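>>> The sequence isn't on hand, but the structure is:
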């Protein structure tokens, strides 16, 4: 196992390079920006459809109004995502552009919407079809969002623009500066759309769905789901946020499948599409990537090792809500050869069992999207529309995960007990993870003016733990320090609003980019090791000292 882990670890630089790919990050950031829309629309569908499960049907007028809210939000998702993905990619490109020659991201967003309409939306009598403005238009949205910023880059980088006299105000000059790349992008997609339809007899949006349909089907099979969820766990095992690498590649499948499942169930059919966001949230990752909920419970309640018992008790609440970085770095699971097998296999077995329930027993797959922090058993039941078999599947998955993790947990627990007896491992405190020594800030050294700290991670969940710890420490010691958390990518336009930006350890591969952005704007930045990060989240005073020491450095 040690040899296998070393082999996997040697691939970490490649994994980090993949995670830094600006196109995958753009998809991830675009989806994160649209999550509120997806959740908002899902609330209306839950209200519209769940009562029917209990034999109550809304009056037609009420049902129509509820579906209208869904259609005008989720039904426009392709339009929204082409804009947000294009903006994220533009922001990444701008980091490599001269500071006085930046691409106008607002212009790129507007033009991307126009180009998507030209590429994938067909005219109908009296207007245009909305079929490919929603989930069916996501693949076309990716194509447009990837190319339009690069068209702008070609012209802006070479300063190919309409030049106006210096007396012309900047905002007017910028309008003309955008005119050439705007015109070229629109013309390219207008001509391409016309030629493509004449040559193939169909719109590009419909054609690309047909081309990728075999991939969608293959990804939904037993081998496909094993590769997808096994890869997520593998990346996390080497300390890289796995979903941020894998999910951008399958986001289009996720969203298309959940929409298709909803339409099938609404028509009285059997929803069989497995790959969806709720499958990831509530089946594959019970308690976070690696399906660590039951392992964490074992650590908290039956471990003999003081280290595992302390980490488990400190982590059980966040892990219940799918925030499992405390157990990943605290146990640790990351790069721990003893726990490699269950960490990789548990998500795969969970999804295979779920697929058997859907394909073999007739259970409906997920039709509704809930927040990913919903405790998994609850999310599984609600997301499948209160399917009767979901009440069997939820506890079954917990049992399977417990059985799979138990022998490996026992081996690791015994190893730690022996080390603790031999004094090789310092006994962990019963209520907190030990924090490495950090500079202690005395009351006299507390700042007089307000300081702001931003903590970043992949989704804003793990980062919120440290942000809250810093805030609690500041309140306890009456220090003028505020701290908030965000997902990486949301910070780019507000860097100067903060005195310090801290990057969570699972996003450490992004630190060079963050440091470059912060240095350019005179803002301090830092990242931490996994164990240090977990320890700081459990000790507000030391978290505050950590932040203040970095800002004073």
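Arrived safely, thanks for sending. Source: prediction; values computed, not measured.

>>> Read off the pLDDT value for residue 429.
Looking at residue 429, its pLDDT reads 42.

>>> The one 4 residues further on now?
In the prediction, the pLDDT value recorded for residue 433 is 44.

>>> can I assume residue 309 sits in a helix?
Yes: checked against DSSP: H, G, I helix; E, B strand; the rest coil, residue 309 lies within a helix.

>>> all numbers from here: first residue = 190
Yep, numbering from 190; the last one is residue 498 now.

>>> mind listing the helices for the stretch 490-639 of the chain?
For the stretch 490-639 of the chain, applying DSSP state H, counting those that start in this stretch gives helices covering 495-509, 514-519, 529-548, 565-572, 579-610.

>>> Is it possible to get CSV of those helices that adds distance to residue 267?
Glycine gets a C-beta too; all of them are placed from N, C-alpha and C. Output for the helices of the stretch 490-639 of the chain, formatted as CSV (distance: least, Cβ to Cβ, whole Å):
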stretch, distance to residue 267
helix 495-509, 34
helix 514-519, 32
helix 529-548, 27
helix 565-572, 23
helix 579-610, 30
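
>>> rank those helices by mean pLDDT and give me the bottom one.
Within the helices of the stretch 490-639 of the chain, confidence is poorest for helix 514-519, with a mean of 85 (mean pLDDT).

>>> quick revisit: out of the helices of the stretch 490-639 of the chain, which comes closest to residue 255?
Nearest to residue 255 among the helices of the stretch 490-639 of the chain is helix 565-572 (17.0 Å), distances taken as Cβ to Cβ.

>>> what helices or strands is the closest one leaning on?
The contact analysis (3 or more Cβ pairs under 8 Å, 6 or more residues apart in numbering; DSSP states H and E) places helix 565-572 against helix 466-468, helix 579-610.

>>> The same query, at a cut-off of 7 Å, please.
helix 579-610 (3 or more Cβ pairs under 7 Å, 6 or more residues apart in numbering; DSSP states H and E).

>>> From the chain's centroid, how far away is the helix it packs on?
Mean C-alpha position of helix 579-610 versus that of the full chain (Cα atoms, centre = their mean, to the nearest Å) differs by 27 Å.

>>> do stretch 374-387 as well
Relative to the centre of its chain, stretch 374-387 is centred 33 Å away, using Cα atoms, centre = their mean.

>>> where in the stretch 190-339 of the chain is pLDDT low?
190, 193-194, 197-198 (pLDDT under 70).

>>> can you rerun that using 80?
The stretch 190-339 of the chain contains residues with pLDDT under 80 at 190-209, 239-244, 288-289, 315.

>>> ok, which stretches of it are strands?
Counting by DSSP state E, counting those that start in this stretch, one finds strands in the stretch 190-339 of the chain at the ranges 312-313, 316-317.

>>> Okay, now the sheet partners of the first one, with direction.
Okay, so that is strand 312-313. Strand pairing for strand 312-313, using DSSP bridges, gives strand 316-317 (antiparallel).

>>> ok, back up a step: make a markdown table from the helices of the stretch 490-639 of the chain and add distance to residue 425 and mean neighbour count to it.
As requested, these are exported to a markdown table (distance: least, Cβ to Cβ, whole Å; neighbours: other Cβ atoms under 10 Å):
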| stretch | distance to residue 425 | mean neighbour count |
| --- | --- | --- |
| helix 495-509 | 14 | 22 |
| helix 514-519 | 7 | 28 |
| helix 529-548 | 8 | 21 |
| helix 565-572 | 17 | 22 |
| helix 579-610 | 15 | 17 |
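
>>> Tell me which of those helices approaches residue 429 most closely.
Closest among the helices of the stretch 490-639 of the chain, using Cβ to Cβ: helix 514-519, at 11.4 Å.

>>> Show me what that closest one is packed up against.
Partner elements for helix 514-519 (3+ Cβ pairs under 7 Å, 6+ apart): helix 495-509, helix 719-727.

>>> Reformat the ones you listed as CSV; add distance to residue 448.
Below are the helices and strands packed on helix 514-519 laid out as CSV (distance: least, Cβ to Cβ, whole Å):
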stretch, distance to residue 448
helix 495-509, 29
helix 719-727, 37
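
>>> Figure out which of those helices is closest to residue 374.
helix 719-727 (42.5 Å).

>>> what's the following helix or strand after the closest one?
Per DSSP states H and E, the first helix or strand lying C-terminal to helix 719-727 is helix 729-741.

>>> What are the buried residues along that following helix?
Judged by neighbour count (16 or more other Cβ atoms under 10 Å), helix 729-741 contains these buried residues: 729, 730, 731, 732, 733, 734, 735, 736, 737, 739, 740.

>>> which one of these is nearest residue 212?
residue 739 (32.1 Å).

>>> Present the buried residues of helix 729-741 as TSV; the columns should include pLDDT.
Below are those laid out as TSV (pLDDT from 0 to 100):
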residue	pLDDT
729	90
730	89
731	90
732	91
733	91
734	89
735	90
736	90
737	89
739	88
740	85
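
>>> that older thread, of the strands of the stretch 190-339 of the chain, which is nearest residue 301?
Nearest to residue 301, of these and by Cβ to Cβ, is strand 316-317 at 16.8 Å.

>>> Distance from that closest one to the middle of the chain?
Remark: strand 316-317 is offset 34 Å from the chain centroid, using Cα atoms, centre = their mean.

>>> And for stretch 551-559?
On Cα atoms, centre = their mean, the centre of stretch 551-559 falls 20 Å from that of its chain.

>>> what's the answer for stretch 647-663, then?
Stretch 647-663 sits 17 Å away from the centroid of its parent chain (Cα atoms, centre = their mean).

>>> Likewise for stretch 431-446?
9 Å.

>>> Could you list the buried residues of that stretch?
Result for stretch 431-446 [16+ other Cβ under 10 Å]: buried residues 431-437, 439-446.

>>> can you check stretch 283-301 too?
Using 16+ other Cβ under 10 Å as the test for burial, stretch 283-301 gives 283, 292, 293, 294, 296, 297, 298, 299, 300, 301.

>>> Averaged pLDDT, stretch 408-422. What do you get?
Mean pLDDT, stretch 408-422: 92.

>>> Determine how far that stretch lies from the middle of the whole chain.
On Cα atoms, centre = their mean, the centre of stretch 408-422 falls 17 Å from that of its chain.

>>> Residue 398 is nearest to which of the helices of the stretch 490-639 of the chain?
helix 529-548 (22.6 Å).

>>> For that closest one, which helices and strands make contact with it?
If you count contacts as 3+ Cβ pairs under 7 Å, 6+ apart, helix 529-548 packs onto helix 411-426, helix 579-610.
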